[in-house]
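**Student:** Structure, please.
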Amino acid sequence: MSLVLFTAIAPCTVLGNVTPLNPTNWHEQLAGRTWMVTFAVTGCKHCELMKPMWQEMARELAASDSDVHVGRVNSSLHNGLTKTMRVTDEPALEPN
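**Tutor:** The predicted structure is shown next:
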């Protein structure tokens, strides 16, 4: 069983080991894997504060040889995917 945990944060440059996700690669990337996924939106100051923590989490998981992957959806560009995943507020943690 895979766990996909969603959070919404403001857009950022992909750092660490954060994988950009979009409608084209969503199913292929997530299939059979455990992910932490952030949905990025423009203009959220609270979300900006979470950016460094999210990037650090990605680096630490990668360094520990964890099977957990960290991804990012740009909700400003992929609003349909964001709606499909029922992300409605930011910042928010939404288990799937």
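**Student:** any chance you could map the strands in the chain?
**Tutor:** Secondary structure of the chain (DSSP state E): strands located at 4-9, 18-21, 34-40, 68-74, 93-95.
**Student:** State the mean pLDDT of the first one.
**Tutor:** When pLDDT is averaged along strand 4-9, the result is 52.
**Student:** With the third one instead?
**Tutor:** Strand 34-40 shows a mean pLDDT of 85 in the predicted model.
**Student:** For it, enumerate the helices and strands it packs against.
**Tutor:** Other helices and strands packing on strand 34-40, by 3 or more C-beta pairs under 8 Å, 6 or more residues apart in numbering; DSSP states H and E, are strand 4-9, helix 45-63, strand 68-74. Every C-beta, even on glycine, is put in place using the N, C-alpha and C of the backbone.
**Student:** So in terms of bridging, what pairs with residue 72?
**Tutor:** Under DSSP bridges, the beta-bridge partners of residue 72 are residue 20, residue 38.
**Student:** number of nearby residues for it?
**Tutor:** When neighbours are defined as other C-beta atoms under 10 Å, residue 72 has 22 of them.
**Student:** Correct me if wrong: it contacts residue 19.
**Tutor:** Yes. Residue 72 is within contact range of residue 19, at 7.0 Å (criterion: C-beta atoms under 8 Å).
**Student:** And the lowest mean pLDDT element among the helices and strands of the protein?
**Tutor:** Every helix and strand in the chain was compared by mean pLDDT, DSSP states H and E; the lowest is strand 93-95, with a mean of 49.
**Student:** Return, as residue ranges, the portions of this structure with sub-threshold pLDDT.
**Tutor:** 1-16, 90-96 (pLDDT under 70).
**Student:** The same query, at a cut-off of 80, please.
**Tutor:** Across the chain, the ranges flagged by pLDDT under 80 are 1-17, 40-51, 89-96.
**Student:** Can you dump the C-alpha atoms of stretch 55-63 in CSV for me?
**Tutor:** Taking Å, rounded to 0.1, in the frame of the first residue of the first chain, the C-alpha atoms of stretch 55-63 are listed here in CSV:
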residue,chain,number,x,y,z
GLN,A,55,13.2,21.1,0.4
GLU,A,56,15.1,19.9,3.5
MET,A,57,12.7,17.0,3.9
ALA,A,58,13.4,16.0,0.3
ARG,A,59,17.1,16.1,0.8
GLU,A,60,17.0,14.1,4.1
LEU,A,61,14.7,11.4,2.6
ALA,A,62,17.0,11.0,-0.4
ALA,A,63,20.1,10.9,1.8
